[in-house]
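Asker: below is the sequence, then the predicted model.
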Amino acid sequence: MPKRFHRADGPPYSTGRHAGWSIDANGLTEAGQNELLKQIGRQLQANYQDVLKEPAPDRIKQLLERLEARSNRADDKDL
């Protein structure tokens, strides 16, 4: 069963449905849709650039180190 979220003003909705929101890109050509997606990507990058420069929290660094160590052990077993 898909996870469900609750709207503030109504009943829950399924995460698998896209009804109720749109960026009105359906009428665009393929080139227009591609340009729109590029523009959205550039805007997201500009908005979150400072966040990407921040150091990762210690718990995330530790998790990444553990995952890397596990991956290295699996690679060594393959040799």
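Answerer: That came in fine, so what should we check first?
Asker: switch to C-alpha atoms for all contacts and neighbour counts from now on
Answerer: OK.
Asker: lowest-scoring secondary structure element of this protein by mean pLDDT?
Answerer: Least confident helix or strand of the chain, by mean pLDDT, DSSP states H and E, is strand 4-6 with a mean of 53.
Asker: per-residue confidence averaged over the top helix by length along the chain?
Answerer: Ranked by residue count under DSSP state H, the longest helix found in the chain is helix 30-53. The average pLDDT within helix 30-53 is 92.
Asker: same for it, what does it pack against?
Answerer: Using 3 or more C-alpha pairs under 8 Å, 6 or more residues apart in numbering; DSSP states H and E as the contact criterion, helix 30-53 has no neighbours among helices and strands.
Asker: contacting residues around it?
Answerer: Under the contact criterion C-alpha atoms under 8 Å, 6 or more residues apart in numbering, helix 30-53 has outside partners Ala25.
Asker: could you export it as PDB, CA atoms only?
Answerer: Extracted in PDB, the C-alpha atoms of helix 30-53 (Å, rounded to 0.1, in the frame of the first residue of the first chain):
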ATOM      1  CA  GLU A  30      10.000  18.600 -26.300                       C
ATOM      2  CA  ALA A  31      12.600  21.300 -26.700                       C
ATOM      3  CA  GLY A  32      10.500  23.600 -24.500                       C
ATOM      4  CA  GLN A  33      10.100  21.000 -21.800                       C
ATOM      5  CA  ASN A  34      13.900  20.400 -21.900                       C
ATOM      6  CA  GLU A  35      14.600  24.100 -21.500                       C
ATOM      7  CA  LEU A  36      12.000  24.400 -18.700                       C
ATOM      8  CA  LEU A  37      13.700  21.500 -16.800                       C
ATOM      9  CA  LYS A  38      17.100  23.100 -17.300                       C
ATOM     10  CA  GLN A  39      15.800  26.400 -16.000                       C
ATOM     11  CA  ILE A  40      14.300  24.700 -12.900                       C
ATOM     12  CA  GLY A  41      17.600  22.900 -12.400                       C
ATOM     13  CA  ARG A  42      19.600  26.200 -12.600                       C
ATOM     14  CA  GLN A  43      17.200  27.900 -10.200                       C
ATOM     15  CA  LEU A  44      17.400  25.000  -7.700                       C
ATOM     16  CA  GLN A  45      21.200  25.100  -7.900                       C
ATOM     17  CA  ALA A  46      21.300  28.800  -7.300                       C
ATOM     18  CA  ASN A  47      18.900  28.500  -4.300                       C
ATOM     19  CA  TYR A  48      20.800  25.700  -2.700                       C
ATOM     20  CA  GLN A  49      24.400  26.500  -3.600                       C
ATOM     21  CA  ASP A  50      25.200  27.700  -0.100                       C
ATOM     22  CA  VAL A  51      23.700  24.600   1.500                       C
ATOM     23  CA  LEU A  52      25.900  22.400  -0.700                       C
ATOM     24  CA  LYS A  53      29.000  24.200   0.500                       C
END
